[in-house]
Structure formats: structure tokens, C-alpha cells
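*Asks:* Structure of the sequence below:
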Amino acid sequence: CLQGLAFLHANQVVHRDIKSDNILLGWDGAIKLADFGLCGWLGPKQGRRRSMVGTTWWMAPEVVRRHPYGPKVDTWSLGIVGIEMAKGEPPYFCETEDTAMYLIATQGAPDLYKLGLPSGLCDFLDWCLQMDVDRRGSAKELLQ
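*Replies:* Numbering: from 1, shown residues only. Down below sits the predicted model:
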């Protein structure tokens, strides 16, 4: 999945709808990204996007706030998928969309270290789920 994201981002494409429904697992164990309908191109004149697209519970705070954003919104969403895989649902899934958007915009992800996850996983997810985009890992960095 990270290799696919790194490929998209290297080609100035943001997926914008990374969630468990859009990550496919083949019988051979191959992982593939799917549903490229909301992808956005980050060209020379459009280095950042502003539109609020994606699925609420997996959206990055900067998308919910309608701030300019780039490829690291996909890194955030991948971190949410990690929580979903470990806990069975993404954060704030029991909330209404409006409440979830408010919580994402103001609080970001829950305290990972209180979720009872292994510390190595918490460290990885913490890098994905930094509220400060400059501190958030890129797909390329996360592959290292």
C-alpha cells in the first residue's frame, strides 16, 4: 500500500480516499489500492488542493478544515486504516459525520498509546497521524 502511495505521490497524484474499502488483498497476499475516482493532480499551477473530498472518518484535519493540502493527507488516512485494522473501526466512527469532522479538526487522532496497541505500531501510526503536516511522514519516508 505504501509503495502504491509513494508511486502516486512521486507522480504528483493524491488519492484522497484511502480507507479499508479501497485497499484490496489478493489471494497471493498482494495489496493493491483501488478507487481512484477522487484522485487529484498536483501540477505546477496546483501544488496544493483545497476541496473537501474523501470519506469523513479517514479525512486528515487539513482537509476537514479546508486548508490547502498535499500528499500527506493520504499518509493520515493510512494511519486511520491502521487504527481501524487494530481496533475494528476508525476513530469517531460512532459519531455523526458533523461531530466526527469537528473532532478530527480539533483533536486529530486519539492518543495511540492509550489504545493498547504494540509500541512499534503506535510509533508508526504516530508518524502517520501528526496534526502538524510538516512532522507527518510522507509515504516515501514511511517506507524506509
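
*Asks:* got the phi/psi numbers for G40?
*Replies:* phi -130, psi 140 (degrees, to the nearest 10).

*Asks:* Tell me the bridge partners for it.
*Replies:* V14 (DSSP bridges).

*Asks:* Provide a list of residues in contact with it.
*Replies:* V13, V14, R16, R49, S51, V53 (CB atoms under 8 Å, 6 or more residues apart in numbering). Quick note: C-beta positions are derived from backbone N, CA and C, even for glycine.

*Asks:* Likewise for V13?
*Replies:* V13 neighbours (CB under 8 Å, 6+ apart): C39, G40, W41, L42.

*Asks:* among the contacts of G40, which ones are buried?
*Replies:* V13, V14, R16, R49 (16 or more other CB atoms under 10 Å).

*Asks:* doesn't R49 make contact with G70?
*Replies:* Yes: at 7.4 Å, G70 and R49 qualify as touching, with contact defined as CB atoms under 8 Å.

*Asks:* Quickly list what's touching both of the two.
*Replies:* The contact sets of G70 and R49 overlap at V14, L42 (CB under 8 Å, 6+ apart).

*Asks:* residues of the lengthiest helix in the chain that come out buried?
*Replies:* Taking DSSP state H as the criterion, the chain has its longest helix at helix 72-87. Buried residues in helix 72-87, defined by neighbour count with 16+ other CB under 10 Å: 72-84.

*Asks:* For this structure, just list every one of the strands.
*Replies:* 13-14, 23-25, 31-33, 40-41 (DSSP state E).

*Asks:* out of those, which comes closest to L5?
*Replies:* With CB to CB as the criterion, L5 lies closest to strand 31-33 of these, at 7.3 Å.

*Asks:* Partner strands of that closest one, with direction?
*Replies:* strand 23-25 (antiparallel).

*Asks:* right, and A34 touches S20 too?
*Replies:* No: judged on CB under 8 Å, A34 makes no contact with S20 at a distance of 10.8 Å.

*Asks:* Touching both of the two, which residues are there?
*Replies:* What both A34 and S20 touch, as defined by CB under 8 Å, 6+ apart, is an empty set.
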